[in-house]
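Peer 1: Mind folding the following:
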Amino acid sequence: MTSTTNVPFDQPPRPRGARGTRVSLSQGLAGHRNSLGVIRLVLASAVIFSHAFPTGGWGEDPLLHLSRGQDTIGGIAVAGFFAVSGYLIAKSGASADIVQFLWRRALRIFPAFWTVLIVGALVVGPIAWVLAGNTLRSYVGGQPITYVLLNADLIMRQYGISDIFAQTTPYGRSLGGQSVFNGSLWTLVYEWSCYLLIAILLVTGALRRAKWVVPALAGVFSLLLVVHTLSPLTVQTYLPYFADRFKITLTLVFLIGSTLAMYSRRIPLNDWIGAACGVVMVVTLFTGGWFFLGYPAYAYFVLWLAARLPKRVQWIGAKNDYSYGMYVYGFLVQQFTAFLGWHLLGYWAWVALTIVVTAGCAWLSWHIVEKRAMALKDRGPGRGIAFLSPRTRPVPSNVDSPTAKDTAS
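Peer 2: I've put the predicted structure just below:
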């Protein structure tokens, strides 16, 4: 266990001459004075725009070609999620004990995930099955149950049920007749893995007493990415766990966000730096080096933008965060509406309709499931180690306390 010694998260910034004190990244994102809520909604919507191309039958996301095969609109949006999450989760982890941290992270990710699995298996599946001319009785069998149970730990082992959507949607046909309900859920196990990495750093005390470990880990994953890029077979042979490139790239951008959290009181919130990072993002995305140079620039840019957007949009997502619901329901809505033939209305009309329907699902998800689950964050294990042993008290921390928006990560 870590020592109970109170260790500063970082030192406050020094004044910058007579013109006043320098504003730090931490200060710019403190409390509710940021636009992380609206940014996450935009990122979730961007994923829907990206997935609309394959799910509607318009081929691959065009940015994949424009970026020379580096990334898609959806991939960039997911990276943005991981960067923001890395920042917030590192902050949250540094101000909690291990029991509190895992309890709160589990409450945030699992209830809504399990619900969308159940909705797919017991609502969308039966409706699509009957509309395809089958009897409801013939739907009842092993596959709907296994769809929920096999995927319950976030690892997507079964993407579809029977042949639903296999030949009745453009996406199913493009895969050679495969049933896919929700193609967005695969990233959540990577997110959870990043949470567990922060949990390890919390238990070992690195988050409080050796914050240099976080950028060091980011450096290790950068090196892994170099090796994977130059010689994928080497990684597959000696480090088979990292043969999946997403385990490297998504963890890397998460750790970059966490690094910014570790040093957030020393990192300036500077408009020139923000603009320069925006330029680096665009240049690397369209010419090369997106994962190596673009990722750090992107992480800073997203957080800088969250601090600099107008105050009038800061209320969005401050209390009700619909971004997670938008993400987990977007693909399912697209598949079902494509099954209904809505995609024949054309790309823009269909995307607009799917965003509206997904927003309704996200609203229900937040108010019925997510918000109620997060109401338990300070109960039971949410009390921390004291819950397990009355003689033990949580380790105090004088780091920046996480904002209300941290609960949405």
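
Peer 1: Look up the pLDDT of the residue nearest to the spatial centre of the chain for me, please.
Peer 2: Computing the C-alpha centroid of the chain and ranking residues by C-alpha atoms, centre = their mean puts Phe81 first, at 4.1 Å. Confidence at Phe81, expressed as pLDDT, is 96.

Peer 1: how about it, what does it touch?
Peer 2: 40, 43-44, 191, 327 (C-beta atoms under 8 Å, 6 or more residues apart in numbering). Backbone N, C-alpha and C define where each C-beta goes, glycine included.

Peer 1: Can you go through those residues and name the buried ones?
Peer 2: 40, 43-44, 191, 327 (16 or more other C-beta atoms under 10 Å).

Peer 1: from those, which single one is nearest Ile256?
Peer 2: Glu191 (14.9 Å; C-beta to C-beta).

Peer 1: which SSE is that closest one in?
Peer 2: helix 188-204 (DSSP states H and E).

Peer 1: Repeat that for Gly69.
Peer 2: Going by DSSP H and E, Gly69 is not part of any helix or strand.

Peer 1: Now do it, the pLDDT please.
Peer 2: Reading off the model, Gly69 has pLDDT 94.

Peer 1: and what of Thr4?
Peer 2: Reported pLDDT for Thr4: 35.

Peer 1: tell me how far the helix or strand containing His65 is from the chain's mean position?
Peer 2: Assigned by DSSP H and E, His65 belongs to helix 62-66. Centroid separation between helix 62-66 and its chain, computed with C-alpha atoms, centre = their mean, to the nearest Å, is 22 Å.

Peer 1: try stretch 66-83
Peer 2: 12 Å.

Peer 1: Let's see it as PDB, backbone CA atoms only.
Peer 2: This file holds the C-alpha atoms of stretch 66-83, laid out as PDB (Å, rounded to 0.1, in the frame of the first residue of the first chain):
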ATOM      1  CA  LEU A  66      -7.000  11.500 -47.300                       C
ATOM      2  CA  SER A  67      -4.800  10.700 -44.300                       C
ATOM      3  CA  ARG A  68      -2.800   8.100 -46.300                       C
ATOM      4  CA  GLY A  69      -4.400   5.300 -44.300                       C
ATOM      5  CA  GLN A  70      -3.500   6.700 -40.900                       C
ATOM      6  CA  ASP A  71      -7.000   7.200 -39.400                       C
ATOM      7  CA  THR A  72     -10.700   7.700 -39.900                       C
ATOM      8  CA  ILE A  73     -13.000  10.400 -38.500                       C
ATOM      9  CA  GLY A  74     -14.200   7.800 -36.000                       C
ATOM     10  CA  GLY A  75     -10.600   6.800 -35.100                       C
ATOM     11  CA  ILE A  76      -9.700  10.400 -34.400                       C
ATOM     12  CA  ALA A  77     -12.900  10.800 -32.300                       C
ATOM     13  CA  VAL A  78     -12.100   7.700 -30.200                       C
ATOM     14  CA  ALA A  79      -8.500   9.000 -29.700                       C
ATOM     15  CA  GLY A  80     -10.000  12.200 -28.400                       C
ATOM     16  CA  PHE A  81     -12.100  10.300 -26.000                       C
ATOM     17  CA  PHE A  82      -9.100   8.400 -24.700                       C
ATOM     18  CA  ALA A  83      -7.000  11.600 -24.400                       C
END
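
Peer 1: which parts of that stretch are buried?
Peer 2: Buried, per 16+ other C-beta under 10 Å, within stretch 66-83: 67, 70-83.

Peer 1: quick one, what contacts Gly86?
Peer 2: By C-beta under 8 Å, 6+ apart, the neighbours of Gly86 are 194, 253-261, 299.

Peer 1: cool, Leu201 as well?
Peer 2: Contacts of Leu201 by C-beta under 8 Å, 6+ apart are 93, 207, 213-214.

Peer 1: hang on, the earlier thing: nearest to Leu376, of the contacts of Phe81?
Peer 2: The closest of the contacts of Phe81, once distances to Leu376 are taken by C-beta to C-beta, is Glu191, at 20.1 Å.
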